[in-house]
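>>> Have a look at this prediction, sequence included:
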Amino acid sequence: MVRMVLELTNVILEIFVRFFELVSALLVVYAGLKAATKILLLEAFKRPYRYEQIRKEFTNKILFTLELLIVGDIIVTVRNPTVNDLLLVGAIVVIRTVLGYFLSKEVKEYHFD
């Protein structure tokens, strides 16, 4: 009985990990397509977009994607917590957090009229 509960828990956690990975990938693709479309509209048709605003929106979506990926990494580590896994997830979280910090700092430095 305990084994079945553990297996079911592992399956459910795996579904959540895959869900966060899928949402992250879709969000990056969506953000990239949206930013590229706005840039093309700006250049080709002189639409009322600004590069700073496009970049800020794109960066915000990347930040959110990094956070979702961190959640997935933490779930994987909770399922199978070996020392190597903990060190690997710790390194990944640090790298993604540093990236997120500098991206958010860049977003804050934008000056809008």
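Received the coordinates, thanks. Residues are numbered from 1 along each chain as shown.

>>> Spit out the contact partners of Asn80.
Contacts of Asn80 were listed using C-beta atoms under 8 Å, 6 or more residues apart in numbering, and none were found. Yep, even glycine has a C-beta here, placed from its N, CA and C like the rest.

>>> do you know how far it is from Asn10?
9 Å (C-beta to C-beta, to the nearest Å).

>>> swap in Leu88?
19 Å.

>>> residues of the lowest-mean-pLDDT helix or strand in the chain that come out buried?
Ranking every helix and strand in the chain by mean pLDDT, DSSP states H and E puts helix 83-108 at the bottom, with a mean of 83. Across helix 83-108, burial judged by 16 or more other C-beta atoms under 10 Å covers 89, 92-93, 96, 100, 103, 107.

>>> Tell me the one of the residues you listed nearest Leu40?
Val107 (22.4 Å; C-beta to C-beta).

>>> Mind telling me what element the residue positioned nearest the centre of the chain is part of?
The centroid of the chain falls nearest to Thr65 when counting by C-alpha atoms, centre = their mean (1.4 Å). Element membership of Thr65 [criterion: DSSP states H and E] is helix 51-79.

>>> and the angle from that helix to helix 83-108?
Calculated by axes from the mean of the first three to the mean of the last three C-alpha atoms, to 10 degrees, helix 51-79 forms an angle of 160 degrees with helix 83-108.
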